[in-house]
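A.B. asks: Sequence plus the predicted model coming up.
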Amino acid sequence: MSRVLLLLVVLFPGIAFADDLNSGDTAWILTSTALVLFMTLPGLALFYSGLVRAKNVLSVLMQCFAIACLVSILWMFGVYGLAFGDGGSMNQIIGLGNVMLSDISLDSMNGTIPEIVFFMFQMTFAIITPALIVGGFAERMKFSAVLWFSALWLVLVYAPVCHWVWGGGWLSDMGFMDFAGGAVVHINAGVAAIIAAIMLGNRKGFPNTPMAPHNMTLTVAGASMLWVGWFGFNGGSALASDSSAGMAIAVTHISAAAGSLAWMMCEWVKYKKPSVLGIVTGMVAGLGTITPASGFVGPMGGLAIGLISGVVCFIATQYVKRVLKIDDSLDVFPVHGVGGILGTLLTAVFYANSFGGLATDEAYSIVSQLGVQAIGVVATIVWCGVITFGLLKLVDIFIGLRVDEDEETEGLDLVLHNERGYNM
């Protein structure tokens, strides 16, 4: 018996565990929960804070930290039930129940793990998704607007899509494949980020004024934490300590490495010098793109997906910033959005045995599954896009979205939080 379960027995002598509880699975999901939270705090917080200018470093750290706290309470209060509850006649669209965890006890199980552990693991996914969107509006959105938008977006966008895919909703019934969040996390966050970037408008001076990252050391440290944490993100989504989790971790690592090298080479060819920012961004592209496929493909699929993601996401980033001139501040859409779309579609291809995938059905059809994947991608984009637009309009009407020009010039750290990241 694991030390965690032994501790529970000591603390609660009368506890009775269900016959199908697996202590190894439980220990792995507990570990994965910590790894995924580690991706947001401190991983994503440091990654993003290093990419902004020095006058806004604390604002990004504050947003990531506050979102983690806010989402945790909302998840407990009822959003978990919306995502994973039984919605009765509405179950195809949304779940119900589990308000304040009313339906969860120490004996409640989800497969071979306690439901409270599943609750915590899924909470960390719900935390990182709105935190990713911060990169789309960094350096110009009011802190109060960030909180209101994140709370409403979690309820009206994240929870329904999560239920469709993982909670027994209509996409799940269609056979849609999303192992760890290509649609639920990355497409959702990417679409929301670019809509926010468009609605708020570009940062003052963009694209003519250089807005280089102020501290690449922080960014690389954060990126490294993301890489490690992603093993819990994808490997933990197996919900078991088994070969499926092992394969998910293997292909995740391979894709991250391939994405890094592919992006680096694109930059080397185009600009004659590879950058540190480029190689870590390629890593994130590789990780995001493999996420939906991680439990369905083999090592060669992971390699192919990583290489493709590095090239495609590099091109997408250049196109959004230089051609469309949209100030998605930290490239959330071209990296996470495009990567999520790409990975979700490629899952159908590299799941096939002929491409080294893990398909067990000899009659598996790439074309048929590709159609299902495309439906899921389009549905997620449309739902997220429409609701995100409406929520941003609503928040803008009541409290305003953007700080004024003078406040933006001074920096959000002083204006919104009365602090400086660096006292020099």
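C.D. replies: On my side now, so go ahead.

A.B. asks: Surely residue 361 forms part of a strand?
C.D. replies: No: counting by DSSP: H, G, I helix; E, B strand; the rest coil, residue 361 falls outside a strand, being coil.

A.B. asks: And the longest helix anywhere in the chain, what does it pack against?
C.D. replies: Taking DSSP state H as the assignment, the helix of the chain that covers the most residues is helix 366-398. In terms of contacts (3 or more Cβ pairs under 8 Å, 6 or more residues apart in numbering; DSSP states H and E), helix 366-398 is packed against helix 143-153, helix 159-166, helix 170-174, helix 188-200, helix 338-350. To be clear about C-beta, it is placed using only N, CA and C from the backbone, and glycine gets the same treatment.

A.B. asks: and those helices as JSON lines, adding mean pLDDT and mean neighbour count?
C.D. replies: Formatted as JSON lines, those follow (pLDDT from 0 to 100; neighbours: other Cβ atoms under 10 Å):
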{"stretch": "helix 143-153", "mean pLDDT": "98", "mean neighbour count": "20"}
{"stretch": "helix 159-166", "mean pLDDT": "98", "mean neighbour count": "26"}
{"stretch": "helix 170-174", "mean pLDDT": "97", "mean neighbour count": "17"}
{"stretch": "helix 188-200", "mean pLDDT": "98", "mean neighbour count": "26"}
{"stretch": "helix 338-350", "mean pLDDT": "98", "mean neighbour count": "26"}
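
A.B. asks: For residue 100, find the nearest of those.
C.D. replies: Ranking the helices and strands packed on helix 366-398 by proximity to residue 100 (Cβ to Cβ) places helix 159-166 first, at 15.9 Å.

A.B. asks: ok, residues contacting the closest one?
C.D. replies: 79, 82-84, 87, 92-95, 122, 125-126, 169-172, 176, 178, 183-184, 188, 376, 379-380, 383-384 (Cβ atoms under 8 Å, 6 or more residues apart in numbering).

A.B. asks: For the helices and strands packed on helix 366-398, could you give me a markdown table that also reports distance to residue 315?
C.D. replies: Putting the helices and strands packed on helix 366-398 into a markdown table (distance: least, Cβ to Cβ, whole Å) gives the following:
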| stretch | distance to residue 315 |
| --- | --- |
| helix 143-153 | 28 |
| helix 159-166 | 27 |
| helix 170-174 | 28 |
| helix 188-200 | 15 |
| helix 338-350 | 9 |
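
A.B. asks: What residues of stretch 74-87 count as buried?
C.D. replies: 74-76, 78-85, 87 (16 or more other Cβ atoms under 10 Å).

A.B. asks: Can you tell me which of those end up in helices?
C.D. replies: Per DSSP H, the buried residues of stretch 74-87 map to helices at 74, 80-84.

A.B. asks: Please identify which of the helices and strands packed on helix 366-398 is closest to residue 38.
C.D. replies: Of the helices and strands packed on helix 366-398, nearest to residue 38 by Cβ to Cβ is helix 188-200, at 18.1 Å.

A.B. asks: List of residues touching the closest one?
C.D. replies: By Cβ under 8 Å, 6+ apart, the list of residues contacting helix 188-200 reads 129-130, 132-133, 135-137, 140-141, 149, 153, 157-158, 161, 320, 326-329, 332-341, 380-381, 384-385, 388-389, 392-393, 396, 401-402.
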